[in-house]
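In: below: sequence and its predicted model.
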Amino acid sequence: MSDLELTDRQAKFALLYNGNGVETARKAGYTGSYGALGKTAHDLLKNPKVVAAIRERESQELSPLIASRIQRQKFWSRMMLDSKLDMSCRLRASELLAKSEGDFTEKIIFAPPPRTNSEIDFSGISTEKLMLIAGMARCPSECCKGRTGGAPLMDIPDDELKKTALYGPEA
């Protein structure tokens, strides 16, 4: 961390920052109400030099603790090859190693989306019935009492559809 670019309190804030800006600002020597400390912390976390110092500190703290991909693969390889370990441990290590290498792939099958009314096949329905269903003609049948459109219209014989208001009376 380059302390020459930061004030003493900024450097202390960067060193102590733990995710709680108000608490860290107070510990770094800033004073004021909770709101004032919150504003100070906000301003400090917008300062690119302070943010860079925090990131540098965090990377130095975490890097020795976090195993790299290669380190994990070496570890799993050693476990897998260690004949003194229980077979379940060795198999688990080989599985994790294989996953890290991308040896397993999952087959994902996507089902088609459910059909909507706009996708229903109307090819087996006469034009007259479709027009009645759509409400473009009056039903001549007693079951419908002359109303337009509706589900019962599907049951009307085609010869009765010729009597609808759409086609007029038969000549």
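Out: That came in fine, so what should we check first?

In: okay, now the domains of the protein?
Out: Using automatic domain parsing, the domain parsing of the chain gives 3-62, 69-100, 123-161.

In: so can I have CSV of those showing mean pLDDT?
Out: Formatted as CSV, these follow (pLDDT from 0 to 100):
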stretch, mean pLDDT
domain 3-62, 89
domain 69-100, 90
domain 123-161, 60
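
In: would CSV of those with distance to Ile108 and mean neighbour count be doable?
Out: The way it works is simple: take the backbone N, C-alpha and C, and place the C-beta from them, glycine included. Putting these into CSV (distance: least, Cβ to Cβ, whole Å; neighbours: other Cβ atoms under 10 Å) gives the following:
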stretch, distance to Ile108, mean neighbour count
domain 3-62, 34, 15
domain 69-100, 16, 13
domain 123-161, 33, 14
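
In: let me have those domains in JSON lines, extended by distance to Phe110.
Out: As requested, these are arranged in JSON lines below (distance: least, Cβ to Cβ, whole Å):
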{"stretch": "domain 3-62", "distance to Phe110": "39"}
{"stretch": "domain 69-100", "distance to Phe110": "23"}
{"stretch": "domain 123-161", "distance to Phe110": "27"}
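
In: so which of these gets nearest Ala111?
Out: Relative to Ala111, the nearest member of the domains of the chain by Cβ to Cβ is domain 123-161, separated by 24.3 Å.

In: surely Glu106 is in a strand?
Out: No - assessed with DSSP: H, G, I helix; E, B strand; the rest coil, Glu106 is coil; it does not lie in a strand.
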